[in-house]
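Engineer: Kindly return the folded structure for what I paste below:
(chains A and B)
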Amino acid sequence: MNHFSITTRDLNLWYAKFQALKNVTVNIPQGKITGLIGPSGCGKTTLLRCFNRINERFGYVTTTGEITVLGQNILAPDVSLIELRKHVGMVFQRPNPLPISIYENVVFGLRIHSERRDLRKSELDDAVEKALREVLLWDDLKDRLQHRATGLQLEQQQKLCIARLLPLKPQIILMDEPCSALDTAGTLGIEELMRALAGHYTIVIVTHNMGQARRVSDECVFMLMGEVVEHAKTTDLFLTPKDPRTADYIEGRYG
Amino acid sequence: MTKRGHREIIVEWLIESVIRLCGISAILFVFGIFFFVFREGGAVLFKDFKFGEFFFSTAWYPSSPSHVRYGTLALLAGTFSVTVLAMVIAIPFGIGAAIFVSEFCGPKLKETLKIVIELLAAIPSVVWGFIGLTVLNPLIIRLFDAPIGLNVLNGGIILALMSVPIIVSIGEDALKAVPDSYREAGLALGATRWQLIYRVLLPAAKNGLLAAGLLGVARAVGETMAVLMATGHAINIPTSLLDPVRTLTATIAAELGEAPVHSDHYRVLFVIGILLFLITTVVNLTADLIVRGVRKK
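Structural biologist: Take a look at the predicted model:
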């Protein structure tokens, strides 16, 4: 397999008549953190939501072009969305743990992707411990796994939302402004977690926060009006942007 | 700043009073009804009223010349059997329809269905009774080879049809109130639509759905005209779906006009009214508490 987890070729997307993505061609490297940045409405969240095709839950979306995820064209008609989403996890802007117990949140993916008889209690227990350890929540939550997940602090909720992806062993994790609902301490916690997860997983993060993009991402894609303006290593993009529009944006002249 | 004129102050006070009166009137009416029903029934209730006979005897002979008896057990059984059958039919059907309207159909179909369901709720109960008499009655006789088609089955089906609109509209509200982020969470984990419904939406909306069912029950218990026409009006503890029964409500409707005012018979009918009032109040209150999320824990 090549070293790109996600590639797109001439990707165009319309919400009804409004074109949100224009000829987007990007290569997202494997095992790295790639930041999607740009002002509101530039299409970065739309692009992210193409990678697991969750955009399509609204009927008025049309997509043309090519998206290859893990070597497979995911816009092909025979693609199983269920399999795709098993390999490509997603974390949302507002933490959205389900209104069930912490334990059940973590094993939710296993339950929906396996036959009931294949799931043994001990395996589920192991999966919960492993996933919660990986997101550094185990010590805090191990004594109250049966509590409702919606009662946790926001930072813990967001970590739990990351943890519940892990038992499915995804290769890619998409994050849509995962810290925008959190305070600074929570943001720091999630960023540390992202650094810890990078390498094992390919992470794509949409962020409004330039500081965050600089701190966590290896590469950055700058988008404007549905187009990719510049894609470079984060250090290069922030120190020596090639496009004047990128320079203006990262210096805060608009956006 | 100009001083406000006397006229303005008076007009404002008047408007405020009218609005306050409107708000309070709902409470006044409920208490007024309760007071009225209780006053009419109360006279017999506190005068050597035989509670044992009232609740545990099937003998309802309010106008017997020699031995008057007021046993409502058969009437309670009638109400209970018709209500249970109606709910067995209406709850799965109503919740299913609510899920379809809220999760599966497109916006156009959704609007159409909601209008049709509201129309269904607006059909007068006497029309439902008419359908029971003229459509279901011969159908049941033919299908089940029953001597008569006016029975528990007929009343249950009619009541189910009448309760479904309430269950659908409250159930749909409950599902609509589930945050979209839960749906996205489930979908992004690769859940199918069906898994999304029974693993995410039903648990998240269970309070609202339960309340929808209970309001359907309250509707069925209180319904009068349709069951009066469709159940056969025979005082009888049913042993099969094809037995005719008589409900509490139908008894009041049928006999109140004939009972001499302020006679014991008249007053006992009001006691039945109190009983019905209590049943529906308890059911409604439970539904309300459940909607507010008060759960046993």
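Engineer: CA only for contacts and neighbour counts going forward, please
Structural biologist: Fine.
Engineer: which regions of the chain sit below the pLDDT cut-off?
Structural biologist: Unless you meant another one, I'm taking chain A. Under the criterion pLDDT under 70, the flagged ranges of chain A are A:1-2.
Engineer: um, chain B though
Structural biologist: Judged by pLDDT under 70, the stretches of chain B that qualify are B:1-3, B:293-297.
Engineer: From the structure, what's the count of residues near the residue of it found nearest chain A?
Structural biologist: In chain B, the residue that lies nearest chain A is B:Gly190 (4.3 Å; CA to the nearest CA). By other CA atoms under 10 Å in any protein chain shown, 26 other residues sit near B:Gly190.
Engineer: Check for me that it belongs to a helix.
Structural biologist: No: looking at B:Gly190 with DSSP: H, G, I helix; E, B strand; the rest coil, it is coil, so not inside a helix.
Engineer: what about the nearest residue to it once chain neighbours are set aside, how many residues close to it?
Structural biologist: Distances taken as CA to CA, 6 or more residues apart in numbering or on different chains place A:Ile82 nearest to B:Gly190, at 4.3 Å, with adjacent residues excluded. By the measure other CA under 10 Å, the count of residues near A:Ile82 is 18.
Engineer: Pull out the buried positions in stretch A:54-63.
Structural biologist: Residues of stretch A:54-63 classed as buried by neighbour count (16 or more other CA atoms under 10 Å in any protein chain shown): A:54-55, A:61, A:63.
Engineer: Quick check: end-to-end length of it?
Structural biologist: End-to-end span of stretch A:54-63 (CA to CA, to the nearest Å): 12 Å.
Engineer: And the helices in chain A, which stretches?
Structural biologist: A:44-50, A:81-87, A:102-113, A:121-134, A:138-141, A:154-163, A:184-197, A:210-216, A:234-239, A:244-250 (DSSP state H).
Engineer: Report the two of the buried residues of stretch A:54-63 separated the most.
Structural biologist: A:Ile54 and A:Thr63 (12.2 Å; CA to CA).
Engineer: what do the two both touch?
Structural biologist: Counting by CA atoms under 8 Å, 6 or more residues apart in numbering or on different chains, A:Ile54 and A:Thr63 have no contacts in common.
Engineer: Next to chain B, which bits of the stretch 151-255 of chain A? Give me the list.
Structural biologist: Proximity of the stretch 151-255 of chain A to chain B, by CA under 8 Å from any CA of the partner chain, involves residues A:Leu165.
Engineer: Could you give the backbone dihedrals for the residue in the stretch 151-255 of chain A that chain B sits nearest to?
Structural biologist: Nearest residue of the stretch 151-255 of chain A to chain B, counting by CA to the nearest CA: A:Leu165, 7.2 Å away. Listed backbone geometry of A:Leu165 is phi -80, psi -30, with angles given as degrees, to the nearest 10.
Engineer: so B:Pro244 makes contact with B:Asn151?
Structural biologist: Yes: between B:Pro244 and B:Asn151 there is a contact under CA atoms under 8 Å: 3.8 Å.
Engineer: Please enumerate the shared neighbours of these two.
Structural biologist: B:231-232.
Engineer: which one of the two has more residues nearby?
Structural biologist: Comparing B:Pro244 with B:Asn151 by other CA under 10 Å, the one with more neighbours is B:Asn151, at 29 against 25.
Engineer: Need the residue closest to the centroid of chain B.
Structural biologist: B:Arg219 (1.0 Å; CA atoms, centre = their mean).
Engineer: list the contacts for it?
Structural biologist: B:Ser163.
Engineer: if you set the cut-off to 10 Å instead, what comes out?
Structural biologist: By CA atoms under 10 Å, 6 or more residues apart in numbering or on different chains, the contact list for B:Arg219 reads B:83, B:159-160, B:162-164, B:166-167, B:213, B:280, B:283-284.
Engineer: So which of those residues wins on neighbours?
Structural biologist: Neighbour max across the contacts of B:Arg219 (other CA under 10 Å) = B:Leu159, 32 neighbours.
Engineer: just checking, it is part of a strand?
Structural biologist: No: when three-state DSSP is applied, B:Leu159 is found to be helix, with no strand at that position.
Engineer: any idea how far it is from B:Pro165?
Structural biologist: From B:Leu159 to B:Pro165 the distance is 11 Å (CA to CA).
Engineer: Now do the shared contacts for those two.
Structural biologist: In contact with both B:Leu159 and B:Pro165: B:90, B:216, using CA under 10 Å, 6+ apart.
Engineer: what about the helices in the stretch 151-297 of chain B?
Structural biologist: B:152-176, B:180-188, B:193-195, B:202-204, B:206-222, B:225-230, B:248-255, B:264-291 (DSSP state H, counting those that start in this stretch).
Engineer: how far off helix B:264-291 does the fifth one point, in degrees?
Structural biologist: Regarding helix B:206-222 and helix B:264-291, their directions subtend 170 degrees when assessed with axes from the mean of the first three to the mean of the last three CA atoms, to 10 degrees.
Engineer: Backbone dihedrals for residue 243, both of them.
Structural biologist: Since no chain was named, I'll use chain A. phi -100, psi 130.
Engineer: look at chain B instead
Structural biologist: phi -80, psi 140.
Engineer: Can you name the residue of chain A nearest to chain B?
Structural biologist: Residue nearest to chain B within chain A: A:Ile82 (4.3 Å; CA to the nearest CA).
Engineer: near chain A, which residues of chain B?
Structural biologist: Selection of chain B residues close to chain A by CA under 10 Å from any CA of the partner chain yields B:106, B:179-192, B:195-196, B:199-201, B:203-205.
Engineer: Could you pick out the buried ones from those residues?
Structural biologist: Buried among the residues of chain B next to chain A (16+ other CA under 10 Å): B:181-191, B:195-196, B:199-201, B:204-205.
Engineer: Pretty sure A:Ile112 is one of the things B:Gln195 touches, is it not?
Structural biologist: Yes: with contact defined as CA atoms under 10 Å, B:Gln195 and A:Ile112 form a contacting pair (6.9 Å).
Engineer: So for these two, which residues contact both of them?
Structural biologist: B:Gly186.
Engineer: what ranges do the strands span in the stretch 1-150 of chain B?
Structural biologist: Under the criterion DSSP state E, counting those that start in this stretch, the stretch 1-150 of chain B contains strands at B:60-61, B:69-70.
Engineer: Save those as TSV, and put in mean neighbour count too.
Structural biologist: Formatted as TSV, the strands of the stretch 1-150 of chain B follow (neighbours: other CA atoms under 10 Å in any protein chain shown):
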stretch	mean neighbour count
strand B:60-61	17
strand B:69-70	20
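Engineer: In TSV: these, plus distance to A:Lys233.
Structural biologist: As requested, those are exported to TSV (distance: least, CA to CA, whole Å):
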stretch	distance to A:Lys233
strand B:60-61	89
strand B:69-70	89
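Engineer: how about the ones you listed, which one is nearest B:Ile15?
Structural biologist: Smallest distance to B:Ile15 across the strands of the stretch 1-150 of chain B (CA to CA): 50.2 Å, for strand B:69-70.
Engineer: could you say what helices and strands the closest one packs with?
Structural biologist: helix B:51-56, strand B:60-61, helix B:264-291 (3 or more CA pairs under 10 Å, 6 or more residues apart in numbering or on different chains; DSSP states H and E).
Engineer: Double-check B:Phe54 against B:Pro62; I have them as touching.
Structural biologist: No: checked against CA under 10 Å, the pair B:Phe54 and B:Pro62 is beyond contact range at 11.6 Å.
Engineer: shared neighbours of those two, anything?
Structural biologist: With CA under 10 Å, 6+ apart, B:Phe54 and B:Pro62 have common neighbours B:69-71, B:268.
Engineer: With distance to B:Gly23 added, can I get these in TSV?
Structural biologist: Conversion of the shared contacts of B:Phe54 and B:Pro62 to TSV gives the following (distance: CA to CA, whole Å):
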residue	distance to B:Gly23
B:Arg69	43
B:Tyr70	40
B:Gly71	40
B:Val268	33
